[in-house]
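Chemist: Below are the sequence and a predicted model for it; my questions follow.
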Amino acid sequence: MLDSTNQTETAIDIEAVSRVFRLNNGKDLTALDRIDLKIKEGEFVALLGPSGCGKSTMLRLVAALDTPSSGSISIEGSDPRDLARDHRLGVAFQDHALLPWLTIRANIGLPYRLAGRKTDDARVASLIELVGLKGFEDSRPSQLSGGMRQRASIARALVLQPDVLLLDEPFGALDAVTRRHMNVELQRIWGENKITTLLVTHSVDEALFLADRVIVMSARPGRIFKEMQIPFARPRAPEVQREARFHELVDELTLALEPEGH
Amino acid sequence: MTDILLNSKLGRLLLNYWGIILLIAAWQTWVYCADLNAIVMPSPIDVVIDIFSNLGLYLKNGTLTLVLAVVGLIAGMFVGTAIAAIAWTSRITSGLLVPLGLILSSIPIVALIPILARLLGYDIQTVLAIVVIISFFPAFVFTSAGLNALPPGSSDLFKVFGANPVQRFVFLVLPSAVPSWMIALRLTAPPAVLVAMLAEFLMATPGMGGMFRDSLDDFAMDRAIGTSLIATAVSTAAFLLATYAEGRVKDRWS
Amino acid sequence: MRGLDHNRLASAIYGLAGVILFLLLWEFIGRNRVLGSTWPAFTDVVSYLFDPRRNGLFQRASTATLSKAAGGFALGTFLGLVTASGVHVFPLLRPGTDRLSSFLHSVPAIALAPIFLIFVPRDFVGMAIATMNAYFIVYIAATSGLNNSTKSHRDVFTVLGASRLHRLTLLDLPAALPPVVTGLKYAVSAAIVGAIIGEWFGASRGLGVLIVSAMQNYQISLLWAAVLIITVVSLVFYGLGTLAEKFIYRRFT
């Protein structure tokens, strides 16, 4: 298990990455403009920003779902596509993307089948317990609540012990109460493995509570506007959200998100 | 009053079937009052009598039509699904075939039967071919749509998890298409029976359609109506079965 | 200001290419007698169709069939809308009417023809069957469409004290318009089919008459020409229906 003070290895190296989209009417849209970012091994980084700032695009580039127009991305020295092919990436989207015809257990075990490996039933069971879905192994996604589906989605993302965990607004579709609860849970779950994680969110509270470092992005074109190292110790108790320092940082980040702040 | 209607078994039966009951009652009354010759219009009772006194004949012809419909339906859906899968693999084939398929499927079946009858001859194989054709197009169109209606985010998910194209097709694309496939089945099963009968009628080949034509030629209206009712019953049964199957699949699949 | 959508253009080109390929294949099969003498070349069928000597024949036949189809479509649509509105306002009647309509719809069209012959002249049997076909489709579309409004809409009308008639005319009928237009699109094709089947039972003229007599007398070119007319007409009306559908959906949803 990685000691949090020993995060010196760069896990994700994003160098001068730009992503330009050509629209149907012929015009160009610069979603990302020369982004430089180094994410250390075991670090939890949150990308915070308003809609249209390119944070999801950034995540998709790291996930090998898209390629940069210029610049390069490497994960542990390799091309993200290689990692995807070797089944070393884990992802959870805002739509849980659970397969409706499979049970929760089968859904979480899906990455094994895709990797051509024998399903490790013990690991699947332990992850189900870790995310708090014990007893629902044989249910179908439609029988579960939104929060429970996201837990299953996260368990699926973790099942192959990926090198990198990518989360794209996983709790965006949940109500505020469930969302706060899920943040606490995610913190607990992440604490067990301390995987290098990139979280995309537009919730300031979420970013502050979960991340080691928060990157604030600005929109059109997408650029890094502000970087903030999060001082709170790990493991983070939910009570940290009531501390004065926390509120100060919330205010600071909220201000950074305001359009006039740029 | 509405409570009695909604809560008792008899009440619900009445609520559902008063229209049909009224129709049969009106029919019987009209025949009785107008004192019609059985050649012009038999009464419901005459029809029932004819069915039960010639059960063997009805069964023989009914089974033939049903078998042709079922075999044609299965073959047609299989071919339609296969071609949808092939078309799906490449945007070019999909772009070429889907519009063509839609156009060909709007050729009215009443126009297609004579062409096929001349092409393949007046026999069972033509009836089979007709059923295959009307089953093929809905299966093709619906499966094509279903193959593209993946659960949101699942396509990206499979990419990130490093699935190869075969895995993607087997684990994601095919299962996603199953609900659409069941819809195609529900839509095609009832017409399959009726179209088979139509083809048999036009070509005067054995089966419900041929039996219907013979009874018209013999002025046996009771048999003609009996044949129609049996065909209706078979078609309705096919619809109910397919709907039930679709419901079961939907429960499991979504 | 919307620019040219490359995707839609590509799809249209592919679609056209598919059709052209098919027509070329048709021509090839016909020219080389690949499937025997009962599959003529595409160009032969077209030249037969547009032969000036036969203009009158095809015109009369088309007019006969289409007028039956149109009459059946209009009457069937009217009956469908009226019945659907009726069961919407008096919901107790709905289950029975649903079942009766479904039952009549699943009786084979050829079985209805001899029954209609008792009531109407031979040349009206086509229109009668067309009416039945159109009625069922419009009834189903309208009954489902009249229930399209959301609970919020209905609650607003209740709070505003709307009468049953107002609710029907100002909320339910407009809400039902989009699915009804879709139904109308399919009802046109069904009406054409109904008209043709009806003609097989002794009509004096029409495309259905032409098809059966051509089939029985081995007049291959006539058969294919008549089928081509029917197909093109169906496609044209389906296309018009789709345009109307798109327009209504844009305006009403």
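Modeler: In hand now; what should we look at?
Chemist: Can you give me every residue that contacts C:Y238?
Modeler: B:106, C:185, C:188-189 (Cβ atoms under 8 Å, 6 or more residues apart in numbering or on different chains). Where you see a C-beta, it was placed from the backbone N, CA and C, and this is true even at glycine.
Chemist: Can you pull out the low-pLDDT segments for the chain?
Modeler: Let's take chain A. A:1-8, A:259-262 (pLDDT under 70).
Chemist: um, chain C though
Modeler: C:1-4.
Chemist: quick one, domains of it?
Modeler: Domain ranges of chain C: C:1-39, C:40-252, per automatic domain parsing.
Chemist: Kindly compare burial across these and name the winner.
Modeler: domain C:40-252 (a mean of 19; mean count of other Cβ atoms under 10 Å in any protein chain shown).
Chemist: Report the distance from it to the chain centre.
Modeler: 4 Å (Cα atoms, centre = their mean, to the nearest Å).
Chemist: what's near enough to touch B:L202?
Modeler: B:L202 neighbours (Cβ under 8 Å, 6+ apart): B:113-114, B:117, B:209, C:200, C:212, C:215.
Chemist: any idea where the helices of the chain begin and end?
Modeler: Just going to use chain A. A:55-62, A:80-85, A:104-114, A:121-130, A:146-158, A:176-193, A:204-210, A:244-257 (DSSP state H).
Chemist: oops, chain C please
Modeler: Secondary structure of chain C (DSSP H): helices at C:6-31, C:42-50, C:55-89, C:94-106, C:109-119, C:125-145, C:151-159, C:164-166, C:173-199, C:207-216, C:220-252.
Chemist: The fourth one near chain B anywhere?
Modeler: Yes - Helix C:94-106 reaches chain B (Cβ under 8 Å from any Cβ of the partner chain) through C:95-97, C:99-101, C:103, C:106.
Chemist: Remind me what that helix packs against, helices and strands.
Modeler: helix B:9-34, helix B:221-253, helix C:55-89, helix C:125-145 (3 or more Cβ pairs under 8 Å, 6 or more residues apart in numbering or on different chains; DSSP states H and E).
Chemist: and chain A, which of these is closest to it?
Modeler: helix B:221-253 (4.7 Å; Cβ to the nearest Cβ).
Chemist: I'd like to check the angle between the closest one and helix C:94-106, please.
Modeler: 120 degrees (axes from the mean of the first three to the mean of the last three Cα atoms, to 10 degrees).
Chemist: pLDDT on helix B:221-253, on average?
Modeler: On average, the pLDDT along helix B:221-253 is 87.
Chemist: surely A:L89 meets A:A63?
Modeler: Yes - using Cβ atoms under 8 Å, A:L89 makes contact with A:A63 at a distance of 6.3 Å.
Chemist: what's the spacing between B:F219 and A:S126?
Modeler: Distance of B:F219 to A:S126, given as Cβ to Cβ, to the nearest Å: 79 Å.
Chemist: cool, A:G90 as well?
Modeler: Here A:G90 is placed at a distance of 16 Å from A:S126 (Cβ to Cβ).
Chemist: between those two, which one's more packed in?
Modeler: A:G90 (26 against 14; other Cβ atoms under 10 Å in any protein chain shown).
Chemist: beta partners for that one?
Modeler: A:L165 (DSSP bridges).
Chemist: show me what contacts it?
Modeler: A:G90 touches A:111, A:156-160, A:162, A:164-166, A:195, B:160, counting by Cβ under 8 Å, 6+ apart.
Chemist: Save these as CSV, and put in neighbour count too.
Modeler: Formatted as CSV, the contacts of A:G90 follow (neighbours: other Cβ atoms under 10 Å in any protein chain shown):
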residue, neighbour count
A:P111, 26
A:R156, 26
A:A157, 26
A:L158, 22
A:V159, 24
A:L160, 21
A:P162, 23
A:V164, 22
A:L165, 20
A:L166, 26
A:I195, 21
B:V160, 26
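Chemist: Closest one of those to chain C?
Modeler: B:V160 (25.0 Å).
Chemist: Contacts only, for the residue nearest in space to the middle of chain B.
Modeler: Compute the mean C-alpha point of chain B, and by Cα atoms, centre = their mean the closest residue is B:P190, 2.2 Å away. Contact analysis of B:P190 by Cβ under 8 Å, 6+ apart lists B:235-236, B:238-239, B:242, C:106.
Chemist: next one: C:F28
Modeler: C:V34.
Chemist: I'd guessed A:V240 sits against A:L210; true?
Modeler: No - look at A:V240 against A:L210 with Cβ under 8 Å: they stay out of range, at 11.0 Å.
Chemist: Those two: which has the busier surroundings?
Modeler: A:L210 (23 against 15).
Chemist: which residues are in contact with stretch B:164-178?
Modeler: A:99, A:101, A:110, A:113-114, B:81, B:84-85, B:88, B:143, B:146-147, B:149-151, B:154-155, B:158, B:163, B:249, B:253.
Chemist: State the phi and psi torsions of the residue of chain A found nearest chain B.
Modeler: Across chain A, no residue is closer to chain B than A:A97, which sits at 3.3 Å (Cβ to the nearest Cβ). Backbone torsions of A:A97, given as degrees, to the nearest 10, read phi 50, psi 30.
Chemist: That one: what's it in contact with?
Modeler: Residues near A:A97 by Cβ under 8 Å, 6+ apart: A:153, B:151-154, B:156-157.
Chemist: Selecting buried members of those in ChimeraX, what would you type?
Modeler: Entered in ChimeraX, the line below selects the buried ones among these, by 16 or more other Cβ atoms under 10 Å in any protein chain shown:
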select /A:153 /B:151,153,154,156,157
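Chemist: Which single one of the contacts of A:A97 is nearest to B:L15?
Modeler: For the contacts of A:A97, the closest approach to B:L15 (Cβ to Cβ) belongs to B:P151, at 39.0 Å.
Chemist: okay, now A:G77: neighbour count?
Modeler: 9.
Chemist: Now do the phi/psi pair for it.
Modeler: phi 90, psi -10.
Chemist: For it, give its distance to C:F237.
Modeler: 63 Å.
Chemist: Then A:G26?
Modeler: 37 Å.
Chemist: just C:A244 next, same as before
Modeler: Distance, C:A244 to C:F237, by Cβ to Cβ: 10 Å.
Chemist: quick one: contacts for the residue of chain B found nearest chain A?
Modeler: As assessed by Cβ to the nearest Cβ, chain A sits closest to B:G153 within chain B, at 3.3 Å. Neighbour list for B:G153: A:93-97 [criterion: Cβ under 8 Å, 6+ apart].
Chemist: B:F161 too?
Modeler: A:84, A:87, A:89, A:91, A:110-111, A:114-115.
Chemist: Which positions in chain B make contact with chain A?
Modeler: So far as Cβ under 8 Å from any Cβ goes, chain B lies against chain A at B:151-154, B:156-163, B:167, B:171-172, B:175, B:178, B:252-254.
Chemist: And the residue in the stretch 51-200 of chain A positioned nearest to chain C, how far from B:L13?
Modeler: Nearest to chain C in the stretch 51-200 of chain A, going by Cβ to the nearest Cβ, is A:D66, at a distance of 18.3 Å. Counting by Cβ to Cβ, the separation of A:D66 from B:L13 is 61 Å.
Chemist: Compare these two and say which is more crowded by neighbours.
Modeler: Neighbour comparison, A:D66 and B:L13: the larger count goes to A:D66, with 17 against 12 (by other Cβ under 10 Å).
Chemist: is it true that the more buried one touches A:S56?
Modeler: No - distance between A:D66 and A:S56: 10.0 Å, which falls outside the contact criterion (Cβ under 8 Å).
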